[in-house]
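Novice: Following is a predicted model, sequence given first.
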Amino acid sequence: MTLTVKDVQNIAHLARLEVTAAELPVYAASLGNILGLVEQLNEADTSAVEPMAHPLADQVQRLRDDRVDDTDRHEKYQRNAPRVEGGFYLVPTVID
């Protein structure tokens, strides 16, 4: 796929990237090559490939025990807050 310099400028604008005029042709060629590779991948026949529900279907994963390691520290954290009432942080009203 061929990208024009204008295409690259639009992409750079959308991505909020600063691309110099000297870099534009280089990026156009590089991005065009990447899109060409994607087009090649799209042409591959995958009709005989069975979809996978999980990439490690026939393998066993070692999982850690599901247990709580942290303790409830909200009282400790609320000691640093300027205003607390009933276990909630009180903040200034922003909208009346």
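Specialist: Structure's in. What do you need?
Novice: Please count neighbours and contacts with C-alpha atoms only from this point.
Specialist: OK.
Novice: How is His13 assigned, secondary-structure-wise?
Specialist: helix (DSSP: H, G, I helix; E, B strand; the rest coil).
Novice: same check, this time on Pro55
Specialist: Per three-state DSSP, Pro55 ends up coil.
Novice: got a pLDDT number for Ala15?
Specialist: With respect to pLDDT, Ala15 has a value of 96.
Novice: got it, and the one 3 residues further on?
Specialist: We note a pLDDT of 95 for Glu18 in this prediction.
Novice: got the contact list for it?
Specialist: Ala12 (CA atoms under 8 Å, 6 or more residues apart in numbering).
Novice: now it: how far from Leu3?
Specialist: 18 Å (CA to CA, to the nearest Å).
Novice: now Ala29
Specialist: Taking CA to CA, one finds Ala29 at 7 Å from Leu3.
Novice: Setting aside sequence neighbours, what's the nearest residue to Val91?
Specialist: Nearest residue to Val91 in three dimensions, chain neighbours excluded: Arg83, at 7.3 Å (CA to CA, 6 or more residues apart in numbering).
Novice: Touching, Met1 and Ser30? I think so.
Specialist: No: counting by CA atoms under 8 Å, Met1 stays clear of Ser30, with 10.6 Å between them.
Novice: Grab the most central residue of this structure for me.
Specialist: Ala15 (14.1 Å; CA atoms, centre = their mean).
Novice: list the contacts for that residue?
Specialist: No contacts exist for Ala15 under CA under 8 Å, 6+ apart.
Novice: Since that was my last question, I'll sign off now.
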